[in-house]
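Asker: Need a 3D model of the sequence below.
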Amino acid sequence: MILEYRNNKFSFNGGLLVNQEIITLTPDNNHNYILSNKPKPKEEQQYILVNTLDGKVTINASWFGEYPLFYFVHRDCFIISSSFQELLHRLPLEEIQTLEYDKTAICESFLFNAVLRSRTFYKDIKKIVAGKKITICGKSKNISEEQCFILPFHKEDNVKVNENTLIEEAVSIYEQLLIPDVSYGNNILLPLSGGLDSRLLACLMKKNNVNFNSITFGTKESTEPYIAQKIAKELSVDLKYLELKNSYYDGFGDEVTNLTGGLSNHRHCHMYACLTDNNIKSDFIVHGFLGDVYAGASQPASALKGDMNADEAMDLYLKKHTGTSWFWQQMTNTDKDNVIEVHMEIMNENCHVNLPCHFDEYIHNIDRQFSLIANVFAPIEKFGKVIRPFANKDYATFFNGLPFQYRNDRKLFKQACLKLFPKEFSYGNQDQLFNKNSIKGKVENLISNALSKIAYSSLKHTKGKFVFRNPKAIERHNELLFTTLNNKLNRSLESVSGLLDTDLSYLSEMNSDLQSQYGAITLNTLVNNLDKLRNIKR
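Answerer: Residues are numbered from 1 along each chain as shown. Alright, predicted model coming up:
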């Protein structure tokens, strides 16, 4: 989708929009927006209001951030697109030649594996922020922003809750999730992982007599396909296994990086690569986006510290995420201050509704999801319309707002799943095959920890020449840097060192700073892509 305003006129996907006052654009999937004159959708849904008479556009960003959208405002025009790459190619020639990289965004990518708030890697190209409304005036080029939704957490106010009532409410929400029904036909694909979210969606569709195809992917040693196969057998679902090959990260990493403007990258190209290489397409792809984080998968222990103030919460967050970062130590005080300023903006937003102790998880459940995770899965829209049942108002506010103990280790989520589907949820997941409190579970953890140490030691001491792989590791991120992606890493460090005016050669060492290493590869890929585009546009 591309919406442009030039010479006081709007065009939508190349066609001129005649003066019809207010027009509504709503996403049917990430790149297909439907034009209508119907009333605007629900407040939690994404839509664009186009006032063709006064040249004004209002973007109501979804509360859940599932539909990435980018915009560029210039003195002569503005452009809005669901495709970063398409927007980049539509920029005026002079803007392409003078486009600058955003140093703060680069630092965030190196530190947090996500570019926060409205930033992208380029100063003048912005992205929408989940839960915000943005208005762009075509005539004045003014941009205004309004906060429409702040994801709420529980304030641990000692209000007694009935566990059985909570379970019943969770079950009711599950049964009302927007999953495909029989009217969708048979061309439905569910990527079935070794986790819980895709398992629940598979069980719900099976319960509703919906026919679907299923795939699972992973490395040969991974436990993830093993668990997925057990669930598929239990549900009598045909499951196709796709091997996640090391070569995919080199072969498809650049493509995914350029498609998303670096918001996804070589580290996250797994699903796109598997679907592309195996030529898998479907009318619909059902995905468990957001199912885990709302239910508490990333809830830190610090969420219980209700008496913590904002400064303490910020210090704790920075210590956790930058305390061992080599790149953070190389940054100038000015660059550090700019990164902290962005975090203070998020802290203030969080504290309008939540306590400071929720700050860490607020960033994870909001910024990381719409900036990184949504862009990991946006490229797979080319293989089918993606349905994200957990991007749901009732699911989000209920599970995210539960007391700590019910979100810890996703307790209530699992209890409700067991009530609905006791047999299917009696199995473990890829991280924990057996109950962690059982004898088998304790033995499993001892073996898993030992394998993890052996795997890391073999990789480090042989510098990738011999690797003992850990079955619990879903991907081989460390190994890739010193095998398949090693030449790309070294070229990137040399190139990016000059751009950042920082010697990054230390990052060529094993386990020096994983996120910064992939950050360097991402940035170098973007630099090469922009250089090519500039040469083409000349």
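Asker: So if we follow the domain assignment, how does this structure break up?
Answerer: Following automatic domain parsing, the chain resolves into domains at 2-147, 163-296+376-430, 301-365, 477-537.
Asker: and residue 452, which of those is closest to it?
Answerer: Minimum separation from residue 452 across the domains of the chain (Cβ to Cβ) falls at domain 477-537, 11.2 Å. Using the backbone N, CA and C atoms, a C-beta is placed for each residue, glycine as well.
Asker: Straight-line length of the closest one, end to end?
Answerer: When the termini of domain 477-537 are compared using Cα to Cα, to the nearest Å, they are 36 Å apart.
Asker: how about the helices of the stretch 201-350 of the chain, start to end?
Answerer: 224-235, 246-259, 270-277, 291-294, 310-322, 326-330, 333-351 (DSSP state H, counting those that start in this stretch).
Asker: Residues touching the first one, excluding its own?
Answerer: Spelled out, that is helix 224-235. Residues outside helix 224-235 that contact it (Cβ atoms under 8 Å, 6 or more residues apart in numbering): 192-195, 199, 202-203, 206, 214, 216-218, 237-239, 241, 423-424, 427-430, 433, 474.
Asker: Please identify the buried residues of it?
Answerer: For helix 224-235, the buried set under the neighbour-count rule, 16 or more other Cβ atoms under 10 Å, comprises 224, 225, 226, 227, 228, 230, 231, 232, 234, 235.
Asker: try stretch 326-345
Answerer: Under the neighbour-count criterion of 16+ other Cβ under 10 Å, stretch 326-345 has 327, 328, 330, 331, 335, 336, 338, 339, 342, 343 buried.
Asker: any weak-confidence spans in the stretch 351-500 of the chain?
Answerer: Applying pLDDT under 70 to the stretch 351-500 of the chain flags the ranges 463-464, 472, 474.
Asker: Tell me where it has helices.
Answerer: Secondary structure of the stretch 351-500 of the chain (DSSP H, counting those that start in this stretch): helices at 359-365, 367-368, 374-377, 393-400, 404-407, 411-420, 439-462, 477-481, 486-500.
Asker: quick one: which of the buried residues of stretch 326-345 is nearest residue 38?
Answerer: The nearest member of the buried residues of stretch 326-345 to residue 38, counting by Cβ to Cβ, is residue 342 at 37.1 Å.
Asker: which residue ranges form the strands in the stretch 101-250 of the chain?
Answerer: Under the criterion DSSP state E, counting those that start in this stretch, the stretch 101-250 of the chain contains strands at 125-127, 132-137, 143-147, 188-191, 213-218, 239-243.
Asker: Format those strands as TSV; extra columns: mean neighbour count, distance to residue 316 and mean pLDDT.
Answerer: Supplementary listing: the strands of the stretch 101-250 of the chain in TSV, determined by neighbours: other Cβ atoms under 10 Å; distance: least, Cβ to Cβ, whole Å; pLDDT from 0 to 100:
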stretch	mean neighbour count	distance to residue 316	mean pLDDT
strand 125-127	21	27	98
strand 132-137	18	26	96
strand 143-147	12	25	96
strand 188-191	24	35	95
strand 213-218	22	34	93
strand 239-243	16	40	94
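Asker: and those strands as JSON lines, adding distance to residue 176?
Answerer: Output for the strands of the stretch 101-250 of the chain, formatted as JSON lines (distance: least, Cβ to Cβ, whole Å):
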{"stretch": "strand 125-127", "distance to residue 176": "31"}
{"stretch": "strand 132-137", "distance to residue 176": "27"}
{"stretch": "strand 143-147", "distance to residue 176": "28"}
{"stretch": "strand 188-191", "distance to residue 176": "19"}
{"stretch": "strand 213-218", "distance to residue 176": "23"}
{"stretch": "strand 239-243", "distance to residue 176": "27"}
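Asker: of the ones you listed, which approaches residue 313 most closely?
Answerer: For the strands of the stretch 101-250 of the chain, the distance to residue 313 is smallest for strand 143-147, at 19.7 Å, taking Cβ to Cβ.
Asker: Direction included, what does the closest one pair up with?
Answerer: Its sheet considered, strand 143-147 pairs with strand 132-137 (antiparallel) by DSSP bridges.
Asker: Check what contacts the partner strand and list those residues.
Answerer: Applying Cβ under 8 Å, 6+ apart, the set of residues contacting strand 132-137 from outside is 54-61, 71, 73, 78, 80, 128, 142-148.
Asker: for stretch 145-156, same thing?
Answerer: Here stretch 145-156 makes contact (Cβ under 8 Å, 6+ apart) with 43-44, 60-61, 63, 130-135, 303-304, 306, 349-350, 352-355, 358, 361-362, 365-366, 396-397, 400-404.
Asker: quick revisit: of the helices of the stretch 351-500 of the chain, which is nearest residue 106?
Answerer: helix 486-500 (7.0 Å).
Asker: Quick one: neighbours of residue 27, just the number.
Answerer: 20 (other Cβ atoms under 10 Å).
Asker: ok, it to residue 33 distance?
Answerer: Residue 27 sits 5 Å away from residue 33, going by Cβ to Cβ, to the nearest Å.
Asker: any common contacting residues for the two?
Answerer: The contact sets of residue 27 and residue 33 overlap at 1, 82 (Cβ under 8 Å, 6+ apart).
Asker: picking that back up, let's have the domains of the chain in JSON lines, adding distance to residue 469.
Answerer: Output for those, formatted as JSON lines (distance: least, Cβ to Cβ, whole Å):
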{"stretch": "domain 2-147", "distance to residue 469": "23"}
{"stretch": "domain 163-296+376-430", "distance to residue 469": "5"}
{"stretch": "domain 301-365", "distance to residue 469": "24"}
{"stretch": "domain 477-537", "distance to residue 469": "8"}
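Asker: Low-confidence stretches in the stretch 201-350 of the chain?
Answerer: By pLDDT under 70, the stretch 201-350 of the chain has no low-scoring segment.
Asker: What's the mean pLDDT across the longest strand that the chain contains?
Answerer: Counting residues, the longest strand found in the chain (DSSP state E) is strand 22-29. Mean pLDDT, strand 22-29: 90.
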